[in-house]
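Asker: starting from these lines, generate the structure:
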Amino acid sequence: MLIAAVVLLASLAAAAIYVASHIEPMLRSHVVQMLSERFQAHVELDQLHINALDGLNVEGRGLKVQRVQDVTEPPLIEVSSFQFHISLWALRQKPLHIGTVHVRGLRLNLPPKGERGAMLQPAAPKKSNSILPGGGFLMDKIICDDTVLTLGTNKPGKQPLVFIISNLVLTHIAPNEPMQFDAQLVNPKPVGNISAKGNFGPWNRSAPGDTPVDGQYSFTHADLSTIKGIGGMLSSTGSFSGLLDAIVVDGETDTPDFRIESGDHTLPLHTKFHATVDGTNGDVTLDPVEARLQNSNFTVRGSVLRTPGVPGHDITLLVTMPDGRLEDMLTLAVKSNEPLLRSDLQMNAKVHLPPGPASVLEKMSLAGNFRLTNVTYSSESIQAKMKMFSLRAQGRPKEANAASAGTEPVTAAMAGAFQMKSKVIHLSNIDYEMPGVQLQLDGSYTIHDGGYQFHGIVRTQAKISQMTTGIKSVLLRAVDPIFSKPGIGAQIPVKISGVHSEMHFGLDLGGKDKYRTGNSNATNDLDSELNLW
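Answerer: Okay, here's the model as predicted:
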């Protein structure tokens, strides 16, 4: 884009000098012919005026450069007006020295990616029509106001990507030398303000991807809600350097109010990242991103790639969380006022976001494993139940009967594997341990309503009859032999279900008569005890 604009303006300046002694219609015709050959395109120029007093003052309006193969499409390059001045002294210099060029209403309409080759490598002017003085040209500055860059697409139903560049300043434009740029623009998605300055070039005509670039950027007031499924206001600063097809970017982002669609809560998110960007197609490699969400630290590595023929990007990430908090993840994901569990969290996961119009949570899939330590419950009633459960499982029912929500909370540990798809988390091979109890569970958790359901086996230190007192203890002795296993007090099939903080335990007989005995009272008492716990 920059090379096309610079070549266009430089050619205009040189053409004006070459035919300054001719009448303006002839000059306009010559410029149109020259640019048509240069860009292999259809060119229109509505007005061109030259004032030869005190040097050359050149003004033009209504410039259009149109692809020859399809004149029904928007012009490749369109300029509302341009103006520059060349002093008499500069006319005698080699290289030709042009001061400041002012451009207003520049419109750059790039075709779909596969059709942009002609824009990157415009045809060189023929030697017979060369209009540049020996030694080429040098421009001090090009100032572009009200510039719009549109990236076309040939994908059905997808709108072009539009960048509104409020101000673009190019400094020191000369053949085979880098130019400096300073730009302010509006990023289309997420919508936000970008300010960037640095160096670009010299342009490598034979291998455009090897063109060097470096600079610094800031990205402010970026509204993440313009990406379906997430929200928050992001800001970012950083630097970049390298070649156009391998730009190394180092920066930081801050989002004090990050949120996702399934939850009503916001949390602060800070990242520090190292990335490589292919400036010719937008592909990104992240290695690594060091992130902190509230009190959770994690590292992300992965890629953001364009998929030919499919709108959007294909995102694959590997997440490592050695030092996290489960309540941070749950607070972000659910609508309840408090997360069900609180614990230290270690996790490894692979995240995949395929391209497409669906929201982030609808199309996201992930799989991994986790470990929770120092697990407690935010609900006092559940915490009291777990305390009683632990005491009974240890064979201390009298203490369990006296336990209340105000007692010292019992802590637990949990580990297992998980998969998420379509907003449902499936958990497998879960091992849950607390004093006197070991559970092995499988189940699922639904993000949109906070519902959960698990089935598995609970192993206890005490026998079933030792978990209660009085007549129930006597009745439950009948089932002790059924549920007793070597080395443990009891092994009981259980089910756990609920929504948010409402948790229900039950005996999971599943219609299997092998767990039933002739003493139905004993079985019913066991089921009622589990529900009570």
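
Asker: what bridges to the spatially closest residue to Ala41 that is not a sequence neighbour?
Answerer: Counting by CB to CB, 6 or more residues apart in numbering, Val65 is the residue found nearest to Ala41 once chain neighbours are left out, at 5.0 Å. Using the backbone N, CA and C atoms, a C-beta is placed for each residue, glycine as well. Note on Val65: beta-bridge partners by DSSP bridges are Val43, Ile77.

Asker: pretty sure Val65 sits against Pro74.
Answerer: No - here Val65 does not reach Pro74: they are 10.9 Å apart, not a contact under CB atoms under 8 Å.

Asker: the residue nearest to Ala41 and Asp146, how far apart?
Answerer: Computed as CB to CB, to the nearest Å, the Val65 to Asp146 distance reads 18 Å.

Asker: so for those two, which residue has more residues nearby?
Answerer: Neighbours per residue (other CB atoms under 10 Å) separate Val65 from Asp146, with Val65 holding more: 26 against 15.

Asker: now do the contacts for that one.
Answerer: Leu8, Leu35, Phe39, Ala41, His42, Val43, Pro75, Leu76, Ile77, Glu78 (CB atoms under 8 Å, 6 or more residues apart in numbering).

Asker: what of Thr253?
Answerer: Phe219, Leu234, Ser235, Ser236, Leu269, His270, Thr271, Phe273.

Asker: in terms of helices and strands, where is it?
Answerer: Using DSSP states H and E, the element containing Thr253 is strand 246-260.

Asker: gap between the following helix or strand past that strand and the chain center?
Answerer: Remark: after strand 246-260, the chain's next helix or strand is strand 267-277, criterion DSSP H and E. Between the mean C-alpha point of strand 267-277 and the mean C-alpha point of its chain there is a distance of 10 Å (CA atoms, centre = their mean, to the nearest Å).

Asker: neighbouring strands of whichever helix or strand comes after strand 267-277 in the sheet, and parallel or not?
Answerer: Of the helices and strands lying after strand 267-277 in sequence (DSSP H and E), the nearest is strand 284-293. Strand partners for strand 284-293, identified by DSSP bridges, are recorded as strand 267-277 (antiparallel), strand 296-306 (antiparallel).

Asker: nearest to Val410, out of those strands?
Answerer: For these, distance to Val410 was read as CB to CB. The smallest value, 23.8 Å, belongs to strand 296-306.

Asker: quick one: buried residues of that closest one?
Answerer: In terms of neighbour count (16 or more other CB atoms under 10 Å), strand 296-306 has its buried residues at Ser296, Phe298, Val300, Gly302, Ser303, Val304, Leu305, Arg306.

Asker: need the CA coordinates for the very next helix or strand once past it. CSV is fine.
Answerer: As assigned by DSSP H and E, the chain's next helix or strand after strand 296-306 is strand 313-325. Presented in CSV, the C-alpha positions along strand 313-325 are these (Å, rounded to 0.1, in the frame of the first residue of the first chain):
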residue,chain,number,x,y,z
HIS,A,313,-9.0,-17.4,11.6
ASP,A,314,-8.1,-20.9,12.9
ILE,A,315,-6.7,-20.5,16.4
THR,A,316,-4.8,-23.3,18.3
LEU,A,317,-3.4,-22.6,21.7
LEU,A,318,-1.5,-24.6,24.3
VAL,A,319,-2.2,-23.4,27.9
THR,A,320,0.0,-24.2,30.9
MET,A,321,-1.2,-22.9,34.3
PRO,A,322,1.2,-23.8,37.1
ASP,A,323,-0.2,-21.2,39.6
GLY,A,324,-3.9,-20.6,39.2
ARG,A,325,-7.1,-20.2,41.3
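
Asker: for the next helix or strand after strand 313-325, give me every contacting residue.
Answerer: Tracing the chain past strand 313-325, the next element assigned as helix or strand by DSSP H and E is helix 326-333. Around helix 326-333, the neighbours that count as contacts under CB under 8 Å, 6+ apart are 258-260, 262-263, 265, 267, 293-296, 339-345, 372, 375, 378, 447.

Asker: equivalent analysis for stretch 274-285, please.
Answerer: Applying CB under 8 Å, 6+ apart, the contact partners of stretch 274-285 are 113, 208-209, 213, 240, 242, 244-250, 286-289, 302-306.

Asker: do that again at 10 Å, thanks
Answerer: Outside stretch 274-285, the residues that touch it by CB atoms under 10 Å, 6 or more residues apart in numbering are 113, 116, 120, 151, 161, 208-209, 211, 213, 238, 240, 242-251, 273, 286-290, 301-306, 313-315.

Asker: hmm, back to that, among the contacts of helix 326-333, name the buried ones.
Answerer: The neighbour-count test (16+ other CB under 10 Å) applied to the contacts of helix 326-333 identifies 258-260, 262-263, 265, 267, 293-294, 296, 339-343, 345, 372, 375, 378, 447 as buried.

Asker: with adjacent residues omitted, what lies nearest to Thr460?
Answerer: If you skip the residues right next to it in sequence, Thr460 has Ala393 as its closest partner in space, 4.0 Å away by CB to CB, 6+ apart.

Asker: pull the number of nearby residues for that neighbour.
Answerer: Counted with other CB under 10 Å, Ala393 comes out at 26.

Asker: likewise for Asp449?
Answerer: A count of nearby residues for Asp449, using other CB under 10 Å, gives 14.

Asker: try Leu106
Answerer: Here the count is done by other CB under 10 Å, and Leu106 has 25 residues near it.

Asker: try the one 5 residues further on
Answerer: As a burial measure, Pro111 scores 21 neighbours (other CB under 10 Å).

Asker: equivalent analysis for Met420, please.
Answerer: 20.

Asker: so for the strand or helix carrying it, what gets flagged as buried?
Answerer: Secondary structure assigned from DSSP H and E places Met420 in strand 412-421. Across strand 412-421, burial judged by 16+ other CB under 10 Å covers Ala412, Met414, Gly416, Phe418, Met420.

Asker: now the first one: how far from Ile164?
Answerer: Computed as CB to CB, the Ala412 to Ile164 distance reads 54 Å.
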